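Asks: based on what follows, work out the 3D shape:
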Amino acid sequence: MSKRIAAVALQRRIGETFAAVVTGVTPKGTFVRISGPPAEGLLVRGQQGVDVGDQLQVKLMSTDPRRGYLDFAR
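Replies: The predicted model follows:
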């Protein structure tokens, strides 16, 4: 439920840039967490060469409140 709330809260902030940290690198994708507001999403572009713990600037590309998804790009 908290992922859905974050997706709704961030829906109006699409296009904004956030400080983020890489929280996971898997075959399915690279995941990042932003701190303000706290939320986690998928890094859909610019994921090459990053490792868990790396700090990045990411841009919010899209949200899907129904599924609780956030998509970011570098």
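
Asks: which stretches of this structure have low pLDDT?
Replies: Filtered on pLDDT under 70, the chain yields no residues whatsoever.

Asks: now the strands for the chain?
Replies: 17-26, 29-35, 38-45, 55-64, 69-73 (DSSP state E).

Asks: ok, which of the ones you listed comes nearest Ile5?
Replies: Set against Ile5 and scored by C-beta to C-beta, these come closest in strand 38-45, at 9.0 Å. All C-beta atoms are positioned from the backbone trio N, CA, C, and that covers glycine.

Asks: from what I can see Ala73 touches Gly46, true?
Replies: Yes - between Ala73 and Gly46 there is a contact under C-beta atoms under 8 Å: 5.6 Å.

Asks: what's near enough to touch the residue nearest the centre of the chain?
Replies: Nearest to the mean C-alpha position of the chain, by C-alpha atoms, centre = their mean, lies Gly41 at 3.2 Å. By C-beta atoms under 8 Å, 6 or more residues apart in numbering, Gly41 lies in contact with Phe31, Val32, Ile34, Leu60, Tyr69, Leu70, Asp71, Phe72.

Asks: neighbours of the fifth one, just the number please.
Replies: When you say that, I think you mean Tyr69. 15 (other C-beta atoms under 10 Å).

Asks: who's it bridged to?
Replies: Asp64 (DSSP bridges).

Asks: which of the contacts of Gly41 are buried?
Replies: Among the contacts of Gly41, the ones that count as buried by 16 or more other C-beta atoms under 10 Å are Phe31, Val32, Ile34, Leu60, Leu70, Asp71, Phe72.
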